[in-house]
Structures are given as C-alpha cells and as structure tokens.
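**Q** sharing a sequence plus its predicted fold:
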Amino acid sequence: MSDGATLIRKDLAYFSHVRLTATQSGSTPNFIQTMAPSNPVRAFGYAKGDDMTAAGRASTTATECDTNLQNKGETLDGEDVLITGVKLQPTGESDPFFISKLFRNLSVKISLNGGDRAMLLGNAEMVPGGCGFFVGPGVSTSSGLAVPSIGNGWPDDANYYPIPSGILWQRKGKTDSSLVVLINVERTVTYTVNNASSVAAVADLRVQLVCTSVADRSPNL
C-alpha cells in the first residue's frame with residue numbers, strides 16, 4: 001500500500017446511526033403501534049451532510065453526531081480497515097418497550113459491496129452493544145408509562161459481536177470497498193398501548209465497528 005510513506009496503524013470507531021419508527025393507529029385509550037417489514041435501513045449508507053433517508057430519517061441532514069463517514073460506504077483518508085466486531089447500541093432516543101418487542105424480529109447483515117451480497121450476523125439480540133444505555137429509570141415514549149431504559153448487552157466496551165478472522169474493508173477503488181450494515185424488520189411487530197396519549201414509537205440505533213485501520217499518514221493522525 002505504501003509508496004515510501006509511513007504506514008500507520010490505528011484504532012478508530014467507525015459509527016453510523018439508523019432509525020426505525022412504528023406506525024401509530026387507534027385512539028384514546030387504545031393506541032396500536034405497528035412495525036411492518038419494509039426496505040432495510042442502511043447504516044453507513046450516508047455520510048456527513050447527506051440526507052438520512054437511507055437510515056430511516058427522511059429530510060434530516062446527517063451531522064458528526066450521526067456518523068463519521070466523509071463519503072457513504074467508504075473508509076476515511078484512503079485507509080484499509082480490518083473489522084473484527086460489530087456493536088448495535090440503542091440510543092437515549094429509543095423507546096425501551098418498543099425495542100423489547102422489536103429486536104427479536106430484526107435481522108442484521110453486513111456487506112462490502114453496497115448490499116448485493118451480505119453476511120447475516122443474526123437478529124438484533126445477537127449483536128450486543130456494550131457502553132450503550134443499560135437498565136435504569138426511563139420513560140416509554142409510546143406509552144408514557146415509566147419503564148426502565150434498556151441496553152443491548154452488558155455495558156462493557158468489550159461486549160460486541162466478534163468476527164475473529166476479520167473482514168477487510170478496503171479503500172475506494174479496491175474490491176470490497178462499499179460498506180453497508182443492513183437492518184431489516186423480518187416479521188410484523190404490533191402491540192396496543194393503553195394510555196390517554198401516545199406518539200409513534202422509535203428505535204434509534206448506533207452501529208459501531210470494532211476495527212483497526214492502516215494508511216499512509218503522519219504518526220500524529
């Protein structure tokens with residue numbers, strides 16, 4: 001890879017957020033939340049400054065709080081990245097009750113060619129995400145009832161879906177250079193909320209890679 005420059009190895013947490021939003025129907029006091037199969041949301045399918053439609057948030061512009069990609073699906077600064085694990089973390093904007101119903105019915109796949117060929121990691125319960133939200137005081141946004149906040153696995157940074165042999169995400173122009181993580185509702189999830197008021201339930205998820213990258217750069221970068 002190097003043409004006389006210094007090859008620098010570093011650990012950088014590539015991340016990308018996606019959102020799944022239920023459809024709400026019914027009226028007081030029986031609201032129905034439904035999440036039906038549709039097109040998968042695409043983590044790493046957008047970059048900073050892009051519209052987040054691919055991630056389930058139409059008409060929202062991605063910022064540095066949503067992803068650290070400069071170009072969708074591409075590594076940063078022409079580096080090659082060895083992915084050795086994946087984390088799936090609910091954020092504080094997620095409805096804990098909705099997640100408890102939804103995760104068993106979400107598939108998670110990773111692809112290096114934009115989604116045409118993808119490797120199934122399992123359902124969302126099988127892809128833990130340490131250091132996300134864990135059990136604690138919280139409010140279900142769909143029901144208004146006080147329920148614990150929820151995390152996907154023990155809150156430890158070493159808790160993730162391991163890929164021991166690694167997957168090589170190459171720099172632009174090479175084979176396997178267009179990364180996407182596909183999260184798809186495989187089975188309809190529906191439940192009734194008995195409450196005076198309600199809003200559509202949301203699952204806001206952060207996909208984070210456990211990885212090491214190599215590139216020609218200064219040791220300071």
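**A** Happy to help now that I have it. Residues are numbered from 1 along each chain as shown.

**Q** mean pLDDT per helix and strand in the protein: which one sits at the bottom?
**A** strand 7-10 (a mean of 63; mean pLDDT, DSSP states H and E).

**Q** neighbours around the closest residue in space to residue 130 that isn't next to it in sequence, how many?
**A** Leaving aside its sequence neighbours, residue 130 sits nearest to residue 159 (Cβ to Cβ, 6 or more residues apart in numbering; 3.2 Å). Yep, even glycine has a C-beta here, placed from its N, CA and C like the rest. By other Cβ atoms under 10 Å, 19 other residues sit near residue 159.

**Q** equivalent analysis for residue 125, please.
**A** Neighbours of residue 125 (other Cβ under 10 Å): 16.

**Q** that one touches residue 104, doesn't it?
**A** Yes. The criterion here is Cβ atoms under 8 Å, and residue 125 meets it with residue 104 at 5.8 Å.

**Q** re the thing from before, name the element the residue nearest to residue 130 belongs to?
**A** Using DSSP states H and E, residue 159 maps to neither a helix nor a strand.

**Q** isn't it right next to residue 128, touching?
**A** Yes. The pair residue 159 / residue 128 is scored as a contact, 4.9 Å apart, by Cβ under 8 Å.

**Q** just confirm residue 72 is within a strand.
**A** No. Using DSSP: H, G, I helix; E, B strand; the rest coil, the assignment for residue 72 is coil, not a strand.

**Q** pLDDT wise, what is it at?
**A** Looking at residue 72, its pLDDT stands at 97.

**Q** once you drop chain neighbours, what's closest to residue 106?
**A** Closest to residue 106 by Cβ to Cβ, 6+ apart is residue 124, at 4.0 Å.

**Q** ok, now which ones touch that neighbour?
**A** Residue 124 is in contact with 88, 102-104, 106-108, 152, 183, counting by Cβ atoms under 8 Å, 6 or more residues apart in numbering.

**Q** quick one on the thing from earlier: ramachandran angles for the residue nearest to residue 130?
**A** Main-chain torsions, residue 159, degrees, to the nearest 10: phi -100, psi 110.

**Q** per-residue confidence at it?
**A** 85.

**Q** residue boundaries of the helices in the protein?
**A** 96-102 (DSSP state H).

**Q** in it, where's the longest strand?
**A** strand 202-216 (DSSP state E).

**Q** so what are the sheet partners of that one and their directions?
**A** Next to strand 202-216 in the sheet, as set by DSSP bridges, lie strand 7-10 (antiparallel), strand 15-21 (antiparallel), strand 80-90 (antiparallel).

**Q** of all the residues in it, which ones are buried?
**A** 202-215 (16 or more other Cβ atoms under 10 Å).

**Q** ok, which of the strands paired with strand 202-216 comes nearest residue 175?
**A** strand 80-90 (11.3 Å; Cβ to Cβ).
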